[in-house]
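> here are the coordinates; sequence isn't available:
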């Protein structure tokens, strides 16, 4: 069975949730996760979110 509503929330975001990651500076990736970096809220990508969770630094 198909899932017709998958990704519906990011379709409403500007550029469908894509942009430049505030942590790794990659362009054209999905930036969906809010994270506090140096005392400021920023949007980061999935890879950076996982590396922060696992205690790794860039």
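Ah, there it is. Please read all numbers here as calculations on a predicted model, not as lab measurements.
> from now on I want contacts and neighbour counts done on CA atoms only, so please keep to that.
Fine.
> for residue 27, list each beta-bridge partner.
Residue 27 has these beta-bridge partners by DSSP bridges: residue 20.
> from residue 9, how far off is it?
21 Å (C-alpha to C-alpha, to the nearest Å).
> would you map the helices across this protein?
Using DSSP state H, the helices assigned to the chain run over residues 8-11, 46-53.
> now do the contacts for the residue nearest the centre of the chain.
Central residue of the chain (C-alpha atoms, centre = their mean): residue 31, 2.5 Å from the mean position. Residues near residue 31 by C-alpha atoms under 8 Å, 6 or more residues apart in numbering: 17, 18, 19, 20, 21, 43, 44, 45, 46.
> and the gap between the second one and residue 41?
The gap separating residue 18 from residue 41 is 17 Å, by C-alpha to C-alpha.
> now list the buried members of the contacts of residue 31.
The neighbour-count test (16 or more other C-alpha atoms under 10 Å) marks 17, 18, 19, 20, 21, 43, 44, 45 as buried among the contacts of residue 31.
> hang on, isn't the third one packed against residue 42?
What it means is residue 19. No - the criterion here is C-alpha atoms under 8 Å, and residue 19 misses it with residue 42 at 12.0 Å.
> which phi and psi does the residue nearest to the centre of the chain have?
Here is the backbone geometry of residue 31 (degrees, to the nearest 10): phi -110, psi 90.
> that'll do, ta.
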